[in-house]
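In: Give me a model of this one.
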Amino acid sequence: MGAATDQRSDYPDYAAPVARAVRDTAGTLGVLVCGSGTGMCIAANKIAGIRAAQGFSIEAARMARSHNDANIVCLGERFVPPDTATAIVDAFLATPFEGGRHAQRVDKMTQLEAGPDGVNSPKGAH
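Out: Model (predicted):
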């Protein structure tokens with residue numbers, strides 16, 4: 001779902017369809033890449049049901065999956081060399097969610113989406 005050329009593109013245009021595909025297809029994980037990884041991560045997290053995390057290291061990717069049930073890993077091509085990026089993605093895809101004590105925290109994050117201040121709240125609601 002990525003850009004077909006190396007020309008400038010806007011990361012929300014790619015983060016949203018990837019995030020929706022991950023949300024709508026059970027068991028699916030996603031990978032997003034931009035210059036820093038931050039823009040993709042912020043944009044993907046605007047989609048309800050998405051827990052996107054920056055994969056700045058192999059251990060960070062493992063922790064995002066095992067403790068936060070992250071379903072998208074975001075990489076910064078300016079900061080992560082290609083061989084490291086491959087190892088990060090491999091670790092992310094291979095790591096299961098641990099559940100247990102972490103499930104309660106993930107449930108709380110899901111509740112935030114419905115908010116009074118979450119993404120499904122009307123503007124200005126408190």
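
In: Residue 71: what's it in contact with?
Out: 22, 23, 28, 29, 30, 49, 50, 51, 52 (CB atoms under 8 Å, 6 or more residues apart in numbering). (C-beta placed from N, C-alpha, C; glycine too.)

In: So what's the predicted local confidence for it?
Out: Each residue has a pLDDT score; the one for residue 71 is 97.

In: Could you do residue 11 as well?
Out: 88.

In: How about the one 10 residues further on?
Out: In the prediction, the pLDDT value recorded for residue 21 is 97.

In: same question, residue 124
Out: The model's pLDDT for residue 124 equals 49.

In: circling back to that earlier point, can I get the buried part of the contacts of residue 71 as one PyMOL selection?
Out: Buried residues among those (16 or more other CB atoms under 10 Å), as a PyMOL selection:
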select buried, resi 22+23+30+50+51+52
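
In: Which member of the contacts of residue 71 is positioned nearest residue 110?
Out: residue 49 (7.8 Å; CB to CB).

In: who's in contact with the residue nearest the centre of the chain?
Out: For the chain, residue 52 is the residue whose C-alpha lies nearest the centre (CA atoms, centre = their mean; 1.7 Å). Taking CB under 8 Å, 6+ apart, we find residue 52 in contact with 15, 19, 30, 32, 40-41, 44-45, 70-74.

In: Among the contacts of residue 71, which lie within strands?
Out: Of the contacts of residue 71, the ones assigned to strands by DSSP state E are 30, 52.

In: For the contacts of residue 71, give me a markdown table that also has distance to residue 3.
Out: Listed next are these as a markdown table, based on distance: CB to CB, whole Å:
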| residue | distance to residue 3 |
| --- | --- |
| 22 | 18 |
| 23 | 21 |
| 28 | 21 |
| 29 | 20 |
| 30 | 15 |
| 49 | 24 |
| 50 | 20 |
| 51 | 24 |
| 52 | 18 |
